[in-house]
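**Student:** here are the coordinates; sequence isn't available:
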Ligand code: FES
């Protein structure tokens, strides 16, 4: 399975989210100690950038600054209202300091189903 490069591990400040655009897809990339999480950057509540929000390192969530919904970095599920739908979560691989996500995960994270 092919993978897509997201960014360098060194580009990520600890315990915060960074917006990275890969092939037109907006991603929130979060580093907590040695763990890296990649979720969709667009809040499922009202189309706001999650990477502007705060990371909760204990709960492993990213909070939307617009209305306060917090999303699990592990499964994308909202942990509180007002969001009720999950955001996409991507399989992450870190190789020699570079972060990748798999192409299959990319496709399943998008709402348009058909692949050519
Ligand atoms: S836009 Fe994110 S909680 Fe409303």
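**Tutor:** Received, thanks. Please read all numbers here as calculations on a predicted model, not as lab measurements.
**Student:** name whatever forms a beta bridge with the closest residue to residue 23 other than its chain neighbours.
**Tutor:** Once its chain neighbours are removed from consideration, residue 23 has its nearest residue in residue 4; the separation is 6.7 Å (Cβ to Cβ, 6 or more residues apart in numbering). The way it works is simple: take the backbone N, C-alpha and C, and place the C-beta from them, glycine included. Here residue 4 sits in beta bridges with residue 101, going by DSSP bridges.
**Student:** likewise for the one 4 residues further on?
**Tutor:** For residue 8, the residues forming beta bridges with it (DSSP bridges) are residue 98.
**Student:** the one 10 residues further on too?
**Tutor:** Residue 18 has the following beta-bridge partners by DSSP bridges: residue 29.
**Student:** and it, what does it touch?
**Tutor:** Under the criterion of Cβ atoms under 8 Å, 6 or more residues apart in numbering, the contact partners of residue 18 comprise 7, 11, 12, 28, 29, 30, 51.
**Student:** wait, a helix at the last one?
**Tutor:** Yes - note on residue 51: a helix contains this position according to DSSP: H, G, I helix; E, B strand; the rest coil.
**Student:** from what I can see it touches residue 19, true?
**Tutor:** Yes - because the distance of 3.9 Å satisfies Cβ atoms under 8 Å, residue 51 is recorded as touching residue 19.
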